[in-house]
Every structure is written in structure tokens, then in C-alpha cells.
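J.: predicted model, plus sequence, below.
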Amino acid sequence: MSKGQASDTNYIKFLGTAGARFVVTTQLRASGGVWFSLDDINILGDPGPGSLVRCMSSRPKMNPAKLDAVLLTHRHLDHSGDINIIIEALTEGGTRKKGILFTPKQALEEDPVVLNYVRKFLSKIEILKEGGTYQLNGLNISAPVRHKHPVETYGINFKSSLCTISWVIDTLFFPELLEHYRGDVMILNTVRLRSENDADKGIYHLNLDDVRLMVKELRPKVTILTHFGMKMLKARPHELAMRLSDETGCRVVAASDGMRFDLTQLGNN
């Protein structure tokens, strides 16, 4: 691959950047999840409402039949709304038994979001648990710590031949996050603009101050903000990201619907 040429095997595609119920239900931002292509292994993370449509309408098209796995970090609908139709698409309507589902046990057993009839279409179901490590065709996947969220929730570390990626999913901030997520690329679900006694209100999400602290402490090669709530959108995430870049001296990017981040460019940043 020549310098400056986009990679077809090492990239992250944001099929949606909506976070929290109001942005999802109004579709001010799409809620299609995140497509990871790492060492030619394709994983769709958290296929929320409209994920299949976002896959098929992308340019170029993201064909779910080419997926190796689907990864569900927790059972909330903004993350799982299209999980069953994506499994059907991955397995070509259940005609080909293939693919792996990574999911917390709660998503299967307690008011399950993954329907029983699609489970048999898959080659395997891997149960995510705190401290769990998994292999997918040489790609290392780990769920280092259970998050502070109303349902069983895990962030993910990916370790490919090119880089490490820390995908920090919905959670109230707690100091141990700094120990467990140290990827070259850090993807932060930034639902809240600021803390408003969130824990007291039962709101368990990162806010912009949490993000600032994490970037200053961890100093990844690039931080990508996504999963925005209403106040974050009104504050213009791209402007907030530029401000954070200036404040921290680290590259911070706000994802947009359909944005593709080429991982081979990390060394040029």
C-alpha cells in the first residue's frame, strides 16, 4: 500500500454517533454502531436501531455477510436494536452457519435482546466477562473491567498487528478506567457535556470533564469522541474536540456519522 493510500483492512467506520435515548429516538444522529476492520477481520460493534440500513447505504457498502463477528457491549436498545437482523444478514438469512457473537451473559438470559432462533445461525457465542480475553483469527480482544452502568456492560481492548484500540463504552467515570484502557487509539462514548450530579440521578455516562482527564492522563495517539447526547450535539462536538486538542496537546477528533478513520495513518499524525 503506497503512502497516503486508504487501507481496506485496518480502519474504523462509524455507522452512527448517537448516544442516549433522545438523540437515538429522534435520529438527530444515526445509531448504527461501529465497524472495526482489523488485520482483515471485520467486527460490527453495538448495532443499534438502523444499523442494517446504515451498512447497506454506506459508500462503499458495508456488507454484513462479510462480518466475522458481532460484538455487543450491553443490552440497551441504542446498542442492540438491530442485533438480530445483523446476525441474520451475517449468516445470509441463516443459510450459512458462521460468525461469532461476543456478548454479556445478561443480554442472553435476562429479558434477552438476542432472540433464541438466531443464536443457532452462529458458529459460536462468546460470553464477555470481567478480565476475559478472546482470540479471533489472531486478533486479541479483551474486556478488562465491568463498567459502572445500570446493566452488565464492558468496554473492549483490541490488539492488532498495527495498533491497540480502547473502546470505552457507557460508564460513570471511575479511576480504574485509567488502568485498563491504554490504547494507541481511544474511542470514548461521550454522552454528557458536563456532570450534573449524574450518579445521584442514575445517569452513568462519561462527560467532557472525564474525557479531558483521561486524555491528559493517558495521552493516546488519537482520541475519538462519539455517542453524543443532546447537549453535546448542541455544543458542537467538532469544536469541543478542537478545543480539547489545544488544551491537552493530544489529537482529539469528534466522530461524525459515516466517518472512516484509517488506522494506517497513525504513524503520520
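T.: Noted; the coordinates are in hand. Residues are numbered from 1 along each chain as shown.
J.: from here on, contacts and neighbour counts on C-alpha atoms
T.: Fine.
J.: residue contacts, residue 88?
T.: Residues near residue 88 by C-alpha atoms under 8 Å, 6 or more residues apart in numbering: 94, 118, 121.
J.: helix, strand or coil for the first one?
T.: With DSSP: H, G, I helix; E, B strand; the rest coil as the basis, the three-state label of residue 94 is coil.
J.: which one of the contacts of residue 88 has the most neighbours?
T.: residue 121 (21 neighbours; other C-alpha atoms under 10 Å).
J.: got the contact list for that residue?
T.: Residue 121 is in contact with 87, 88, 91, 94, 95, 96, 97, 98, counting by C-alpha under 8 Å, 6+ apart.
J.: phi and psi next, for residue 52.
T.: Torsion angles at residue 52 (phi, psi; degrees, to the nearest 10) stand at phi -60, psi -40.
J.: any idea of the pLDDT on it?
T.: pLDDT for residue 52: 98.
J.: hmm, it is touching residue 82, no?
T.: Yes. Counting by C-alpha atoms under 8 Å, residue 52 does reach residue 82; the two are 7.0 Å apart.
J.: low-confidence stretches in the stretch 51-200 of the chain?
T.: Applying pLDDT under 70 to the stretch 51-200 of the chain flags the ranges 199-200.
J.: what about the strands in it?
T.: Here the stretch 51-200 of the chain has its strands, by DSSP state E, counting those that start in this stretch, at 69-71, 100-104, 124-128, 132-136, 139-143, 156-159, 164-168, 185-189.
J.: who does the second one pair up with?
T.: Under the criterion DSSP bridges, strand 100-104 sits next to strand 69-71 (parallel), strand 124-128 (parallel) in its sheet.
J.: out of these, indicate the one that is most buried.
T.: A comparison of the strands paired with strand 100-104 by mean neighbour count, using mean count of other C-alpha atoms under 10 Å, puts strand 69-71 on top with a mean of 24.
J.: what residues does that strand touch?
T.: The contact list for strand 69-71 (C-alpha under 8 Å, 6+ apart) reads 42, 43, 44, 45, 46, 87, 99, 100, 101, 102, 103.
J.: one more time with 10 Å
T.: Around strand 69-71, the neighbours that count as contacts under C-alpha atoms under 10 Å, 6 or more residues apart in numbering are 33-36, 41-47, 64, 79-80, 83, 86-87, 90, 98-104, 122-126, 128, 136, 156.
J.: buried subset of the residues you listed as a PyMOL selection?
T.: Filtering those down to the buried ones (16 or more other C-alpha atoms under 10 Å) takes a single PyMOL command:
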select buried, resi 33+34+35+36+41+42+43+44+45+46+47+64+79+80+83+86+87+90+98+99+100+101+102+103+104+122+125+128+156
